[in-house]
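Peer 1: What follows is a predicted protein model with its sequence.
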Amino acid sequence: MQTGVKAALGACLVAVLAVGGELLYLHHERNKPMEVKAPEREVIADDDLVFLKKKRPSSMADLKELFGTTVWVSAGGQLEYYPLAGKTVQYAKPAGTLLGAQRLQVTGATEQVAPKAATFRIPGGDRQVLLEFTLPGSADPAKVYGVPVGYRQAGEYTFYTDEIFFYDDPHVLYKHWGPQIWQAVDAHQVVMGMNERQVELALGQVSKSTSQDYGNRMVVFANLGHPKAVTFVKNHVTAFRDDQGW
């Protein structure tokens, strides 16, 4: 009989200790200092941290802010430029196509009725607006050219200078690319490891691709009549080849 009583008392004691231990644990958990975990910081690519200045001109007076300044081409491979005879643009004699990161010295602007052939990229409107510039470091650095940057329609102006140009030297803006990448960009070539932005600046913005997965796809760049197919994996060039099937 005493043995049964002892066993019952022992079981009761174990239960009390268990409950007491659980209460102590809950008390400890409720009263311990709160651990605040810092949110994980989003990793932003260096390229996306670059500040690109915008001018947003809406009149010819606004465009005068560019006179006497240096700009660099952002929209490479898209726009033909033309020699000027006085203030007259020689649309029938295109001098070439602006290339990515090319440096221009802005000298003025002019308006002119454009032939249909010159309105493929920039509309003609009632009159097309062209930025006048010279090419520092060229064989004829004093020669003046014009490139379409906007148009006038029913007295209203539309400009695309923010989309066409860098207002600051891209070699400084993207200095983190390093000398090897910049050497390839300035030579308008592709090297292994470049990202899509770098290749676009090197070969031009005229391209086509069957995928919208930026940085993980094959892109065929027109490259001024010398198409090049470039494969990107994790936004790095892993392969490239000439592609005559454009």
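Peer 2: Structure's in. What do you need?
Peer 1: could you pull out the helices for the protein?
Peer 2: Per DSSP state H, the chain carries helices over the ranges 2-31, 60-63, 161-164, 170-173, 178-186, 196-203.
Peer 1: For the third one, buried residues please.
Peer 2: In other words, helix 161-164. Going by neighbour count (16 or more other C-beta atoms under 10 Å), the buried part of helix 161-164 is 161, 162, 164. (C-beta placed from N, C-alpha, C; glycine too.)
Peer 1: same deal with the fourth one?
Peer 2: Of the residues in helix 170-173, those buried under the neighbour-count criterion (16+ other C-beta under 10 Å) are 170, 171, 173.
Peer 1: which outside residues touch that helix?
Peer 2: With contacts defined as C-beta atoms under 8 Å, 6 or more residues apart in numbering, helix 170-173 is touched by 50, 51, 52, 72, 74, 101, 166, 182, 201.
Peer 1: From residue 102, how far off is the second one?
Peer 2: Here the distance between residue 51 and residue 102 works out to 21 Å (C-beta to C-beta, to the nearest Å).
Peer 1: Also the fifth one?
Peer 2: Between residue 74 and residue 102 the computed distance is 10 Å (C-beta to C-beta).
Peer 1: Check the last one too.
Peer 2: Plainly put, residue 201 is 10 Å away from residue 102 if you go by C-beta to C-beta.
Peer 1: So for those two, which residue has more residues nearby?
Peer 2: Just comparing residue 201 and residue 102: by other C-beta atoms under 10 Å the higher neighbour count belongs to residue 201, 29 against 20.
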